[in-house]
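**Student:** Sequence and predicted structure below; questions after.
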Amino acid sequence: MKNVLQWIVAFLSLFFSLQLSAQQTTTNVQGVPLFSVQDCINYAFQNTGTIKNAVLEQGISQAKVGEIISIGLPQIDFEGQLIDNVKIQRVFIPSDFTDPNSDIIGAEFGTKYNSSLQLKASQLIFDGTFFIGVQAAKVYTELASKELIRSKIDVAEAVTQAYYYVLVQREFLDLIIENREILEGLYNETKAMYEAGMVEETELNRIEVNYNSMVIQETQSKQMNVIAEKLLKFQMGMDINASMELAEKLEDFRDFIVTPTDLAVAKNRIEYSILQTNIKLNDFDIRSTKAEYWPKLYAFGGYGFNAGGRELQGLYDDGGDFANIGITLSLKVFDGFSRKKIIEQKKLKGQQLLNTRIDLERQISIEQEQSRIVYETNMATLNLQEKNMGVAEKVYTNTQIKFKNGVGSSVEVTTSSQDYAAAANTFYNSLYEVLIAKLSYEKANGRLLEYVDSEDFEKDQKTLKLNNEK
């Protein structure tokens, strides 16, 4: 048996060497694309709906920044109006303004048709909520970028788990096929001996039953391999019926030695960073509400043309233009303490976020410790399962030799075969559990991707640019 460390893939070393630049996938002799773990992750980053939606959310956040900035740019409006006064309203006035007791008469002022055209412009000079809003919008973009990172971490984890599940299932299938071939040869030899009258029919039947059981187990294992491969394609965002092949096997990673790493601080986790950003956004929200107490100053100007007449034809012959400029200063003096209560609510929300941060720090701490214990426990279990598998293999080999030499029974062969298959199944299950436990341990410590630590958003920006161009 190979040393257990030769079976374990160094997840941490692999991910630390992960480069997110796209790579051209190679093909095998049949022309089927070959995918490494890194290839699968890169493919998933380009094709899964989770990442696409996160990139779109980044685009939404950037558009939101532009929306807020546009408020500070000049606002220009054009307004045109044409009125047909079907019945002109009368104004009632005294017939003689010098005589307060004179009769009241109704007079029509105005024309049947009126029209006006006006171009109006305004410019924000000072509004505290605007300037704070611009700062907050940029932080919102930062939040969207971090959410994209979290999505990538989750996708990378899911793809890696699926990839190594395929590898483990293939290793187990190879072992089952090897065992089935041994039993097939043993069955053929025993059948020949039975036909020659050298062994009893009972001996042949026991071997045949064990052989048939191994054939069934091989069929089931092949089905599990098909399911595992389709699951990997699903996690990658690939058509589950598309052709692909894995470029790596478990033994390809024998040079990697996985050793426990130290526990990291909570701030290394992307969840912690996202919460910090939400706390920052809440602070901006409070500042923005307070800024509503500040005065708002706008400049405005307008230029227009108006005309009136009894007939629609020639309406604009006697019109005239007009213009105006000015500034508007507004200040809310009293609002019934509504903003004060709103600020109180947001401050309490901020306290909730701080409490959540304390709980998150505790949660991260327990996740790190728990994942470390699970990993170390699974490693110890795997070492024992490896020994058990080695012993079962040795017993199985010896019973075959004894049976062929006529000093053993078919009962020993079938029993040892079953024990070996069971030990192998347990070993490969333990192997997969160790791989997943190591992956969880590194994720709990925020070390799943070096990409997160470097905060290299270049690839995301390129993807976003392509998406916007589309």
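**Tutor:** Looks like it came in fine.
**Student:** Show me what stretch 318-333 is in contact with.
**Tutor:** 115, 125, 292-309 (CB atoms under 8 Å, 6 or more residues apart in numbering). Quick note: C-beta positions are derived from backbone N, CA and C, even for glycine.
**Student:** repeat for stretch 135-142
**Tutor:** Under the contact criterion CB under 8 Å, 6+ apart, stretch 135-142 has outside partners 58, 61-62, 64-65, 68-69, 277, 280-281, 284-285, 288.
**Student:** For it, could you pull out the residues that count as buried?
**Tutor:** In terms of neighbour count (16 or more other CB atoms under 10 Å), stretch 135-142 has its buried residues at 136-142.
**Student:** Relative to Leu263, which of the residues you listed is nearest.
**Tutor:** Using CB to CB, Glu142 is the member of those that sits closest to Leu263, with 26.7 Å.
**Student:** thinking again about what came up before, among the buried residues of stretch 135-142, which one sits closest to Asp77?
**Tutor:** For the buried residues of stretch 135-142, the residue nearest Asp77 by CB to CB is Ala137; the value is 24.2 Å.
**Student:** Confirm that the closest one sits in a helix.
**Tutor:** Yes - under DSSP: H, G, I helix; E, B strand; the rest coil, Ala137 sits within a helix.
**Student:** ok, which stretches of this structure are helices?
**Tutor:** Per DSSP state H, the chain carries helices over the ranges 4-7, 11-16, 37-47, 49-71, 128-195, 201-236, 270-291, 338-404, 410-444, 450-454, 458-469.
**Student:** For Ala121, which of these is the nearest?
**Tutor:** The closest of those to Ala121 is helix 49-71. By CB to CB, the value is 14.5 Å.
**Student:** got the buried residues of stretch 135-142 as TSV, with distance to Ala196 columns?
**Tutor:** Shown next, in TSV, are the buried residues of stretch 135-142 (distance: CB to CB, whole Å):
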residue	distance to Ala196
Ala136	90
Ala137	89
Lys138	88
Val139	86
Tyr140	84
Thr141	83
Glu142	81
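**Student:** Ser95 is nearest to which of the helices of the chain?
**Tutor:** Between Ser95 and these, the shortest gap by CB to CB is with helix 338-404, which sits at 52.7 Å.
**Student:** among the helices of the chain, which is nearest Ser102?
**Tutor:** Per CB to CB, nearest to Ser102 of the helices of the chain: helix 338-404, 52.5 Å.
**Student:** What is the closest one packed up against?
**Tutor:** helix 4-7, helix 128-195, helix 270-291, helix 410-444 (3 or more CB pairs under 8 Å, 6 or more residues apart in numbering; DSSP states H and E).
**Student:** Mean pLDDT and distance to Asp99 added to the helices of the chain, as CSV?
**Tutor:** Below are the helices of the chain laid out as CSV (pLDDT from 0 to 100; distance: least, CB to CB, whole Å):
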stretch, mean pLDDT, distance to Asp99
helix 4-7, 44, 115
helix 11-16, 42, 99
helix 37-47, 90, 90
helix 49-71, 90, 57
helix 128-195, 90, 57
helix 201-236, 92, 95
helix 270-291, 92, 59
helix 338-404, 91, 54
helix 410-444, 87, 95
helix 450-454, 41, 90
helix 458-469, 50, 76
